[in-house]
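Enquirer: Output the structure for:
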Amino acid sequence: QVQLLESGGGSVQAGGSLRLSCAASGRTLSRYAMGWFRQAPGKDRESVAAISWSGTSTVYADSVKGRFTISRDNAKNTMYLQMNSLKPEDTAVYYCAGRNGMWRPPTLSQNDYDYWGQGTQVTVSS
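Expert: Okay, here's the model as predicted:
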């Protein structure tokens, strides 16, 4: 079974930066697209960004374009989310996820992901 573990969350002031990591264990995910999602209090979980298995293709939600950067290091079986210019509305629990099926393209649809981490809290204060 695949286990995903997020880290790097915390509290930061508006305009600050954080870098999230997602480490996979149990199976290599180097052949799978992966994504980041988030859920704010009282809201549905929403997509943030996704990256292809090779790392050469990425997609972003409009709300984070130009501020967040998704990347991966397959040698380390780890994915990252660099978050800059953070806003209070970025406050949420952030989840990483692994795509269902090998070699499939990255998408922002939660239904396309089978493997999920437990989440890491990001709090941005104004």
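Enquirer: Report the rounded mean pLDDT for the helix or strand containing residue 71.
Expert: Under the criterion of DSSP states H and E, residue 71 resides in strand 68-73. The predicted model assigns strand 68-73 a mean pLDDT of 98.
Enquirer: Direction included, what does that strand pair up with?
Expert: In the sheet containing strand 68-73, its partner strands are strand 78-83 (antiparallel), by DSSP bridges.
Enquirer: circling back to that earlier point, for the strand holding residue 71, list every residue counted as buried.
Expert: Of the residues in strand 68-73, those with enough neighbours to count as buried (16 or more other Cβ atoms under 10 Å) are 68-70, 72. C-betas here are computed from N, CA, C, even on glycine.
Enquirer: Just send the residues you listed back as JSON lines, with distance to residue 115 too.
Expert: Below are the buried residues of strand 68-73 laid out as JSON lines (distance: Cβ to Cβ, whole Å):
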{"residue": "68", "distance to residue 115": "21"}
{"residue": "69", "distance to residue 115": "22"}
{"residue": "70", "distance to residue 115": "16"}
{"residue": "72", "distance to residue 115": "14"}
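Enquirer: right, and the pair among these with maximum separation?
Expert: The most widely separated members of the buried residues of strand 68-73 are 68 and 72, with 14.0 Å between them, by Cβ to Cβ.
Enquirer: quick one: the residue nearest to residue 30 when sequence neighbours are not counted and residue 36, what's the gap?
Expert: On the basis of Cβ to Cβ, 6 or more residues apart in numbering, the spatially nearest residue to residue 30 that is not a chain neighbour turns out to be residue 74, at 3.9 Å. Relative to residue 36, residue 74 is positioned 17 Å away (Cβ to Cβ, to the nearest Å).
Enquirer: Which element, helix or strand, includes the closest residue in space to residue 90 that isn't next to it in sequence?
Expert: In space, residue 90 comes closest to residue 124 once its chain neighbours are excluded; the distance is 5.1 Å by Cβ to Cβ, 6+ apart. When elements are defined using DSSP H and E, residue 124 is found to belong to strand 120-125.
Enquirer: now for that strand, which elements pack on it?
Expert: If you count contacts as 3 or more Cβ pairs under 8 Å, 6 or more residues apart in numbering; DSSP states H and E, strand 120-125 packs onto strand 10-13, strand 18-25, strand 92-99.
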